[in-house]
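Novice: Got a sequence here, can you model it:
(one chain, ligands or ions: 1)
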Amino acid sequence: QGNRDLSGKRVLISAGGTREYLDPVRFIGNPSTGKMGLALAQAALHRGAQVTLVHCPASWDVPLGVEAISVISADQMQQVMLERLPNADIIIMSAAVADVKPKDYSTEKLPKRSLPESLPLAPVPDIVAEIGNRKQPHQYLIGFAAQTGDIITPAKEKLQRKKLDAIVANPIDKVGSGFGSDNNQAVFLDKEGREVEIPACSKLEMAHYLFDFVV
Ligand code: C5P
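Specialist: Model (predicted):
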């Protein structure tokens, strides 16, 4: 029953918010819960795909039938994603990757009084851009762009710069969308110039709209 239009396809999804630890108890992170990635995994599974979900610490259970690999930092996520890349047909980067990490890591918990007033930072790898450079012609790469204000211009710029096939532009300053919400709204854009606006709906519906858009 239902639409099995992803049957035989291998879908690789990144989800959640990466964490960049300063010491064993403190990290730089973001409020992503990974629910959009979870919804994408559910939708892809339902449509007959073989699904791998590379996810950051999350409060939900991975659906039965989905291969899950848990990671914490952007470096770990990059390593796993690149390892899995050759076996994927559709790659969806829904993870919110921290853009920076603390330059140094202390294996001992730093005492409060010795915390520096300003923290030296180092960049983390841009995972989706690396995948954009490595991907084969048969592979389809989808990125996300969470934005406030004008969501279209930065999404178009990211689509090109990161060599994506499509991008989901997400307003995170609208009620009932974005981080932690069960709902979402978005504009889908692709490299052929298609542009489709998806009104507020559940993240699972959004996931199905996205597969309808790319299949
Ligand atoms: O540049 P920005 O973080 O807005 O780009 C969003 C897209 O790039 C998302 O698909 C996100 O998963 C991906 N990204 C990444 N590695 C980073 C930063 C973002 O894969 N270091």
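Novice: Tell me which residues of the helix or strand hosting Val80 come out buried.
Specialist: For Val80, the host element (DSSP states H and E) is helix 74-84. Buried positions in helix 74-84, judged by neighbour count with 16 or more other Cβ atoms under 10 Å: 74, 76-78, 80-81, 84. From N, CA and C alone the C-beta is placed, and that goes for glycine too.
Novice: Distance from the chain centre to that helix, please.
Specialist: Here helix 74-84 is found 12 Å from its chain centre; the criterion is Cα atoms, centre = their mean, to the nearest Å.
Novice: got a list of contacts for that helix?
Specialist: Outside helix 74-84, the residues that touch it by Cβ atoms under 8 Å, 6 or more residues apart in numbering are 12, 14, 18, 20, 52, 54, 56, 69, 71, 91, 95, 97-98, 101, 124-125, 127, 130-131, 134.
Novice: now the end-to-end length of stretch 55-73.
Specialist: With Cα to Cα, to the nearest Å as the measure, stretch 55-73 spans 10 Å from end to end.
Novice: ok so, going back, among the contacts of helix 74-84, name the buried ones.
Specialist: Buried among those by 16+ other Cβ under 10 Å: 12, 14, 18, 20, 52, 54, 56, 69, 71, 91, 95, 97-98, 101, 124, 127, 131.
Novice: just those residues that are near the ligand?
Specialist: 95, 97, 124, 127 (Cβ under 6 Å from any ligand atom).
Novice: Enumerate every residue touching the last one.
Specialist: Ile127 sits next to 14, 74, 77-78, 81, 93, 95, 97 when contact means Cβ under 8 Å, 6+ apart.
Novice: Any buried residues in stretch 10-29, and which?
Specialist: Buried residues in stretch 10-29 (16+ other Cβ under 10 Å): 10-23, 26-29.
Novice: Near the ligand, which residues of this structure are found?
Specialist: Within the chain, the positions lying close to the ligand (Cβ under 6 Å from any ligand atom) are 74, 93, 95, 97, 99, 124, 126-128, 143-145, 158.
Novice: Show me these that map onto helices.
Specialist: Within these, residues falling in helices by DSSP state H are 74, 127-128, 158.
Novice: where does the residue sitting nearest the centre point of the chain land on pLDDT?
Specialist: Residue closest to the mean C-alpha point of the chain, counted by Cα atoms, centre = their mean, is Ser94 at 1.8 Å. Confidence at Ser94, expressed as pLDDT, is 97.
Novice: Could I get the full set of strands for this structure?
Specialist: Applying DSSP state E to the chain gives strands spanning 10-15, 20-23, 26-28, 50-55, 67-70, 90-93, 100-102, 121-123, 140-147, 166-171, 183-190, 195-202.
Novice: Format these as a markdown table; extra columns: distance to Gly34.
Specialist: Shown next, in a markdown table, are these (distance: least, Cβ to Cβ, whole Å):
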| stretch | distance to Gly34 |
| --- | --- |
| strand 10-15 | 4 |
| strand 20-23 | 16 |
| strand 26-28 | 16 |
| strand 50-55 | 5 |
| strand 67-70 | 10 |
| strand 90-93 | 12 |
| strand 100-102 | 19 |
| strand 121-123 | 23 |
| strand 140-147 | 12 |
| strand 166-171 | 14 |
| strand 183-190 | 13 |
| strand 195-202 | 15 |
